[in-house]
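>>> sharing a model prediction with you, sequence too.
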Amino acid sequence: MEILKIRKLSEDAIIPFYAHPGDAGLDLFSVEEITIEPGKRKLVATGISIELPKNTEAQVRPRSGLALKYGVTVLNSPGTIDEGYRGEIKVILINHGEEAFKINKGDKIAQMVIMPVLTVDVKEVDMLNDSERGEGGFGSTGRK
């Protein structure tokens, strides 16, 4: 098992954890009180920094309950935290709901999934191999 090193930057920070065995995401928590008005976005601090295992990234993803109940989601989902980043983890939240959404210290605001990363050599070519799909995209397979 790999180790995710976590440093608390704030006394109020909560170390991320899996809520249930087998969960994919570690819960991330706010260290500040913020209100997000409808249609607005805010950067929410977690009070932690991390050191990821080699060849991994952390993906910051929305919480389904916040999205369903309040219309609050992660704006750049999934947000990517690169292996070499050592700054504070912050989450861009947007309120698509109809009412202001208040975040309290200690509230769960997002989840963080640790994923392997494949690095590649980049090579410019004149032609690409054909595929069954070809250049079809943006609804090319129909509505159903």
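Thanks, I have it.
>>> can you pull up the most central residue in this protein?
The centre of the chain sits closest to Val60, judged by Cα atoms, centre = their mean, with a distance of 1.1 Å.
>>> can you read off the pLDDT for the closest residue to Ala13 other than its chain neighbours?
Nearest residue to Ala13 in three dimensions, chain neighbours excluded: Gly47, at 3.1 Å (Cβ to Cβ, 6 or more residues apart in numbering). In short, each C-beta sits where N, CA and C put it, glycine included. For Gly47, the model assigns a pLDDT of 98.
>>> any idea how far Gly47 is from Gly139?
Taking Cβ to Cβ, to the nearest Å as the measure, Gly47 falls 43 Å from Gly139.
>>> which one's more surrounded, these two?
Applying other Cβ atoms under 10 Å to Gly47 and Gly139 shows that Gly47 carries more neighbours, namely 22 against 7.
>>> these two touch, right, the more buried one and Arg7?
No. Taking Cβ atoms under 8 Å as the definition, Gly47 is not a contact partner of Arg7, at 9.7 Å.
>>> Leu68 sits in which helix or strand?
Element membership for Leu68, per DSSP states H and E: helix 64-70.
>>> now do the next helix or strand after that helix: everything it contacts.
With elements assigned by DSSP H and E, the helix or strand that comes after helix 64-70 is strand 72-74. For strand 72-74, the external contacting residues (Cβ atoms under 8 Å, 6 or more residues apart in numbering) are 36, 60-62, 66-67, 91-97, 101, 110.
>>> in helices, which of those appear?
If you go by DSSP state H, the contacts of strand 72-74 have 66-67 in helices.
>>> most surrounded residue in the contacts of strand 72-74?
The most neighbours of any of the contacts of strand 72-74, using other Cβ under 10 Å, belong to Ala110, which has 29 neighbours.
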